[in-house]
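Enquirer: here is my input, please return the structure:
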Amino acid sequence: MQETALQMAQRLLANRQPFDALKIVDNILDKRPDHWSALMRRAKIIEWLGRFSNAREIYLHARASGANPEIVDKAIARIDAVEKLVETGKELISEGRYEQASAVLNEAGKRRSSSIVELYLAQARLAAGDSDEAEHLISLFLDEHPDHKLAQTILSKAVKANRKTAGKGKPRRTSGPSRNAVPKKDKDPAAAFLLELPAHLSRIIKSLEKDGAHGPVDIGWLGENAKYLSMVNWANDIEYATAAHFAFSASSEHAIQNYHAHLIAKSVEYGYITWPRRIQEYVKGRSVLDVGCGFGAFGNGFLVAGAKSYVGIDPQMPLDSSIVKNKRKRKKADLGLTPNEIMQHCPDIKLINGLIEDLETKDTFDSVVMHNVTEHLQNIRKIIPNIRKILNPDGYLIYHHHNFYCWNGHHMAPNRPEHYVPGLEKHDKVVDWNHILAAPHLPDDHYFNTNLNQIRLDEIKDVTESNYEVIKWLEIESPHTVADRLNDEILDRIRDFDNSLTRRDLMVNAVLCVATPKKGAPE
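Expert: Coordinates of the predicted model:
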């Protein structure tokens, strides 16, 4: 039997020739734009290439053109699942959690949905020290994307690492698992959990709306299976965030008392769970004090992450305003609840308009957190040591510090190089590290002098290490778009201004620090 064009496209995709397959399908669609079979094949190819949003649109077009709605829905559900896993994997890589990233990306790879998984899995394996596996994976990816710069960089690093270990007894891969191998049919407990999750959540919500009799049973099931939530990004999905709220809570009673569907949905939409999720291991089951909490919207995010209680304090938090910052879109938005109303609905959230000095003298906490606050506090050199007085002996000080000396340390527009408009005066004044040169000449009431303390990386590290045992100091570099702008001319100009500034000072965008108090009474 003669092979049809669509069968040929399918064979080419199976042989990892997606662009050749795409040409065949597009030729069909040029003549018949509503050919649903060709649209389904095109969507699968685009999905394989990792262009998930585009693939969704094509699948929907195929359904409107006559494709089986059930098959389309399954395809879109697969895309959603893979995209979430890929995004989670990328976040874990950026946080330095390479083994966890590998586990998540391997889970994505089981769905055989997108070769893009290999790109990030190779990145994770290389960072974890498995350069042999990284070289194998990235070679597969580069067969399809020969001009992909990140993939080329990963391959180069993997090859160099493998050359160093050659002859030292390290076994080299002679063959590897094929992408086209038939996956095992064994039941995957993580996949089973995700499939059963909607039914359990539905029963919990219905139970809370009625008498609550069956809620604790399903909440208990979530708690028993909480480890599988690490396979998905529960900060970016309402259903998963709701599951996290119940799964990570200390008890079903605590979860029920503090449950508020609208708050969870808005916390996901506005990005107020991302930070608590990132530091979950240091806040789960603990009392949390959030210094400089902003508009009061972080509280629910910390309860979703499993915090036992949350106190947020900020001198600029209006307790009767529902306006907060949408962190995803970087603009103000309406939360629908004021801080006072949040406290009414969630008894384990307390919000205070005031300073850290306004806390009750007897108050102590298991974890004290500061998110992008340390760069704003003029008395940060005193606050860091003084936090020891309110931190329990086995507690954690956790802060995310935005470095004043990085490209966007000025906290003004443009935030990223791609937003820079050359010739726009307000941009030119601060772009490409110009804010560092301008700062000493600005009046005392300028934002740089009133709202940014300009503390150096080494200084804040020294202040911390003088009072705490630092268990995590993660320096997060600016993206490659920033590195591309730091040419020799700019570097020389900065060093002429202050020769103590290093490339590290200019390229580290932020620091994540986790520390425990040193033994002995604070000074």
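
Enquirer: rest of the way, CA atoms for contacts and neighbours
Expert: Noted.

Enquirer: residues contacting the residue nearest to residue 259 when sequence neighbours are not counted?
Expert: Spatial nearest neighbour of residue 259, excluding adjacent residues (CA to CA, 6 or more residues apart in numbering): residue 346 at 7.1 Å. Residues counted as contacts of residue 346 (CA atoms under 8 Å, 6 or more residues apart in numbering) are 257, 258, 259, 260.

Enquirer: residue 22: which of those residues is nearest?
Expert: Ranked by distance to residue 22 (CA to CA), the contacts of residue 346 are led by residue 260 at 46.6 Å.

Enquirer: so which bits of the longest helix seen in the chain are buried?
Expert: When the chain is parsed with DSSP state H, its longest helix is helix 69-94. Going by neighbour count (16 or more other CA atoms under 10 Å), the buried part of helix 69-94 is 72, 75-76, 78-79, 81-93.

Enquirer: repeat for stretch 514-523
Expert: 514, 515, 516, 517, 518.

Enquirer: ok, back up a step: which of the contacts of residue 346 fall within helices?
Expert: residue 257.

Enquirer: tell me which two of the contacts of residue 346 sit farthest apart.
Expert: 257 and 260 (8.7 Å).

Enquirer: of these two, give the one with the bigger neighbour count.
Expert: The neighbour comparison of residue 257 against residue 260 (other CA atoms under 10 Å) goes to residue 260, with 16 against 12.

Enquirer: how many residues are close by the closest residue to the more buried one other than its chain neighbours?
Expert: Ranked by CA to CA, 6+ apart and with sequence neighbours excluded, the top spatial neighbour of residue 260 is residue 345, at 7.1 Å. Neighbour count of residue 345, defined by other CA under 10 Å: 15.

Enquirer: ok, now the one 3 residues further on?
Expert: Residue 348: 20 surrounding residues under other CA under 10 Å.

Enquirer: most residues in a single strand of this protein, which one?
Expert: strand 391-402 (DSSP state E).

Enquirer: pull the residues that contact that one.
Expert: 282, 364-375, 387, 409, 509-517, 519.

Enquirer: what's the first helix or strand after it?
Expert: helix 425-428 (DSSP states H and E).

Enquirer: check the offset of that following helix from the chain's centre.
Expert: Relative to its parent chain, helix 425-428 has a centroid offset of 30 Å by CA atoms, centre = their mean, to the nearest Å.

Enquirer: and the contacts of it?
Expert: Residues contacting helix 425-428 (CA under 8 Å, 6+ apart): 413, 414, 420, 421, 422, 434.

Enquirer: try stretch 433-448
Expert: With CA under 8 Å, 6+ apart, stretch 433-448 has contacts from 405-408, 410, 428-430, 449-450, 454, 494, 497, 506.

Enquirer: can you tell me which of those are buried?
Expert: Buried residues within the contacts of stretch 433-448, counting neighbours by 16+ other CA under 10 Å: 405, 406, 407, 408, 410, 428, 430, 449, 454, 494, 506.

Enquirer: can I get the residues you listed in CSV with pLDDT and distance to residue 4?
Expert: Below are the buried ones among the contacts of stretch 433-448 laid out as CSV (pLDDT from 0 to 100; distance: CA to CA, whole Å):
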residue, pLDDT, distance to residue 4
405, 98, 60
406, 97, 56
407, 97, 54
408, 97, 55
410, 97, 59
428, 95, 58
430, 96, 59
449, 92, 70
454, 96, 66
494, 95, 63
506, 97, 57
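
Enquirer: now these in a markdown table, with distance to residue 66?
Expert: Below are those laid out as a markdown table (distance: CA to CA, whole Å):
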| residue | distance to residue 66 |
| --- | --- |
| 405 | 56 |
| 406 | 53 |
| 407 | 51 |
| 408 | 50 |
| 410 | 53 |
| 428 | 54 |
| 430 | 54 |
| 449 | 63 |
| 454 | 61 |
| 494 | 62 |
| 506 | 55 |
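
Enquirer: between these, which sits nearest residue 240?
Expert: residue 408 (32.6 Å).

Enquirer: wait, that closest one touches residue 414, no?
Expert: Yes: counting by CA atoms under 8 Å, residue 408 sits close enough to residue 414 to count as a contact (7.4 Å).

Enquirer: overlap in contacts of those two?
Expert: Joint contacts of residue 408 and residue 414 (CA under 8 Å, 6+ apart) are residue 431.

Enquirer: where's stretch 358-370 relative to the chain centroid, distance-wise?
Expert: For stretch 358-370, the distance to the chain centre is 27 Å (CA atoms, centre = their mean).

Enquirer: kindly apply the preceding question to stretch 291-300 instead.
Expert: That offset, for stretch 291-300, works out to 18 Å (CA atoms, centre = their mean).

Enquirer: start to end distance for it?
Expert: 15 Å (CA to CA, to the nearest Å).

Enquirer: on that earlier part again, farthest pair within the contacts of helix 425-428?
Expert: 421 and 434 (14.6 Å).

Enquirer: between the two, which one's more packed in?
Expert: A direct count of neighbours by other CA under 10 Å for residue 421 and residue 434 places residue 434 higher, at 18 against 14.

Enquirer: doesn't the more buried one belong to a helix?
Expert: Yes: counting by DSSP: H, G, I helix; E, B strand; the rest coil, residue 434 is found in a helix.

Enquirer: so what pLDDT did it get?
Expert: Note on residue 434: pLDDT of 96.

Enquirer: one more: residue 176?
Expert: The predicted local confidence for residue 176 is 40.
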